[in-house]
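**Student:** what's the 3D shape of this:
(2 chains)
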Amino acid sequence: MSNTYKVKKIIIKTEYKVLAGILILLAAGLVLLPKYQKNVGIKPENFLVNIMSTERYVTTDQVADKIIKQDPNLLLIDVRKKEAFDAFSLPNAINIPLAKVLSSDSESYLNQDAFDVVLYSNDNFYADQAWQLCNRMGYKNIYVLKGGLNEWFNTIINPKEPTETDSELAFKDYNFRKAAAMYFGVGNKTNTAPKVKPKRVIKLAKKKKKVAEGGC
Amino acid sequence: MKELERTKRISFSAVIIILVVLIGLLSFKKAANVFKNDKTLTLNPIVSQDYIISKSSIDTASVSNMAFIDVRSPFEYSKGHIKNAKNIYTPDLLDPKNKEYILDLEKENKTIVLYGAEPGEASGAWMLLTQLGIKNVKLLSIKTNYIHNTFSISDFPIEKAQLDYAAYMKKATSGKIEVKKVTPKRVIKLAKKKKKVAEGGC
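**Tutor:** Below you'll find the predicted structure:
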């Protein structure tokens, strides 16, 4: 064996030690890294954009029209307290009080894509908050009834008569609202809208794609 | 010499591993704003409703520890605002400068009081800050008025039912409320006079 070979071997051995040392240090460093805070739901920046948008609002006319036409995609959710819901609510609505919006029982109603969910309360403050909680969790197809039940009574149940100088559209709206009020039972002794509980939405767990699932 | 070749390969791969880890660490960017996985954070105040404060509940003792934030647009703010309120328009809440200001207030143990033209306008801002984990954020249930060039605020009850729905419906369905039918105005369309070709002239 030549001398140069011996020297080379020594150099490589020390290189080895240094590299191994660095690797051990890195491994130790990775263990000591602070716990990573993972973001849950959508990003705060996107949430801010969503809360500024008014796309979530639907009008009382739109909702009344959908109820009358018995739109199968409509799911009304009352976010008021149970006592208020029991006293009066819209036909076929279900009750999820604001405090229970994030509970696992309500998730099957809110986190789905089969229905257009319309949230409502007396005003639209609580419904907005429920919407915000859902939006942050990334739930889709959720809307808010603009003005809530107060607006419902002011427009649909007890609409204001248009004056003569109002546009033709105002008269059209008024007549629709009057007819809708009759549908919802105003001035009508027998024909009250039926109250039927909607079917429960059952969310199917998505099947995970397995790696190498056969095929040719 | 074979042994040397092998060791070269091993040291080469070790250097690559170290480089990859280092690049990963250096290029890692921590998200500035994070929604934490803590449902109770927002649900507790919502259930107890203690984050809503009314105008009448503010007295001189409590006001000294409050920092008002006006979430209306700068234009509305310039017309008038609560004394000592800082204007942070809702879309600008996550600007680093504004966020720092809010975090400083939290450090000083101040109560952050948000208000908008109506409580609903500030509810989104409240939800955002609370879900980011900022404590002591409250919402002022007021309505801002601007009459005769003077700015004033008045109490605005949240979610107040304008009437007793159940009682009203009971009365309405009993047939005691008359249903009036209104026919819309009749629009008379004027037929346009057609221009006749060669209608005289000299």
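**Student:** among the helices and strands of chain B, which has the poorest mean pLDDT?
**Tutor:** Ranked by mean pLDDT, DSSP states H and E, the helix or strand of chain B with the weakest confidence is helix B:39-48, at a mean of 76.
**Student:** how far is that helix from where the chain is centred?
**Tutor:** Relative to its chain's centre, helix B:39-48 lies at 17 Å (CA atoms, centre = their mean, to the nearest Å).
**Student:** Pull it out as PDB, backbone CA atoms only.
**Tutor:** This file holds the C-alpha atoms of helix B:39-48, laid out as PDB (Å, rounded to 0.1, in the frame of the first residue of the first chain):
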ATOM      1  CA  LYS B  39     -64.300  25.700  18.300                       C
ATOM      2  CA  THR B  40     -64.900  26.800  21.900                       C
ATOM      3  CA  LEU B  41     -63.000  30.000  21.200                       C
ATOM      4  CA  THR B  42     -65.900  31.500  19.200                       C
ATOM      5  CA  LEU B  43     -68.800  29.400  20.500                       C
ATOM      6  CA  ASN B  44     -68.400  30.300  24.200                       C
ATOM      7  CA  PRO B  45     -69.000  34.000  23.700                       C
ATOM      8  CA  ILE B  46     -71.700  33.300  21.200                       C
ATOM      9  CA  VAL B  47     -73.600  31.100  23.700                       C
ATOM     10  CA  SER B  48     -73.100  33.500  26.600                       C
END
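**Student:** Please identify the buried residues of the longest helix belonging to chain B?
**Tutor:** Ranked by number of residues, the top helix in chain B under DSSP state H is helix B:2-27. Residues of helix B:2-27 classed as buried under the neighbour-count rule (16 or more other CB atoms under 10 Å in any protein chain shown) are B:T7, B:S11, B:A14, B:V21. All C-beta spots, glycine's among them, are computed from the backbone N, C-alpha and C.
**Student:** Which neighbouring elements make contact with it?
**Tutor:** helix A:3-32 (3 or more CB pairs under 8 Å, 6 or more residues apart in numbering or on different chains; DSSP states H and E).
**Student:** could you point out which element follows the helix it packs on?
**Tutor:** For helix A:3-32, the following helix or strand on the C-terminal side (DSSP states H and E) is helix A:44-52.
**Student:** what helices or strands is that following helix leaning on?
**Tutor:** The elements that helix A:44-52 packs onto, with contact taken as 3+ CB pairs under 8 Å, 6+ apart, are helix A:125-137, helix B:119-131.
**Student:** contact partners of that helix?
**Tutor:** With CB atoms under 8 Å, 6 or more residues apart in numbering or on different chains as the contact definition, helix A:44-52 has outside contacts at A:41-42, A:56, A:132, A:135-136, B:33-35, B:90-91, B:93-94, B:124-125, B:127-128, B:131-132.
**Student:** where does chain B have low pLDDT?
**Tutor:** Per-residue confidence of chain B (counting by pLDDT under 70) places the weak regions at B:1-4, B:37, B:175-188, B:194-196, B:198-202.
**Student:** From B:S27, how far off is the residue positioned nearest the centre of it?
**Tutor:** A centroid search over chain B (CA atoms, centre = their mean) returns B:G124, at 2.6 Å, as the residue closest to the centre. Going from B:G124 to B:S27 by CB to CB, to the nearest Å gives 34 Å.
**Student:** same thing with B:S54?
**Tutor:** From B:S54 to B:S27 the distance is 50 Å (CB to CB).
**Student:** Repeat that for B:K138.
**Tutor:** In this view, B:K138 and B:S27 are 40 Å apart by CB to CB.
**Student:** related to what we said a few turns ago, export the helices and strands packed on helix A:44-52 to JSON lines and tack on distance to B:M169?
**Tutor:** Below are the helices and strands packed on helix A:44-52 laid out as JSON lines (distance: least, CB to CB, whole Å):
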{"stretch": "helix A:125-137", "distance to B:M169": "20"}
{"stretch": "helix B:119-131", "distance to B:M169": "26"}
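**Student:** among these, which is nearest B:L41?
**Tutor:** Nearest of these to B:L41, taken as CB to CB: helix B:119-131 at 6.6 Å.
**Student:** What helices and strands are in contact with the closest one?
**Tutor:** Packing partners of helix B:119-131 (3+ CB pairs under 8 Å, 6+ apart): helix A:44-52, helix A:125-137, helix B:39-48, strand B:111-115, strand B:137-140.
**Student:** how about these in JSON lines, adding distance to A:D173 and mean neighbour count?
**Tutor:** Converted to JSON lines, these look like this (distance: least, CB to CB, whole Å; neighbours: other CB atoms under 10 Å in any protein chain shown):
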{"stretch": "helix A:44-52", "distance to A:D173": "28", "mean neighbour count": "16"}
{"stretch": "helix A:125-137", "distance to A:D173": "23", "mean neighbour count": "24"}
{"stretch": "helix B:39-48", "distance to A:D173": "35", "mean neighbour count": "15"}
{"stretch": "strand B:111-115", "distance to A:D173": "34", "mean neighbour count": "23"}
{"stretch": "strand B:137-140", "distance to A:D173": "34", "mean neighbour count": "23"}
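**Student:** Can you give me the neighbour number for A:E83?
**Tutor:** As a burial measure, A:E83 scores 8 neighbours (other CB atoms under 10 Å in any protein chain shown).
**Student:** List the contacts of it.
**Tutor:** By CB under 8 Å, 6+ apart, the contact set of A:E83 is empty.
**Student:** The same query, at a cut-off of 10 Å, please.
**Tutor:** For A:E83, the contact set (CB atoms under 10 Å, 6 or more residues apart in numbering or on different chains) comprises A:P97.
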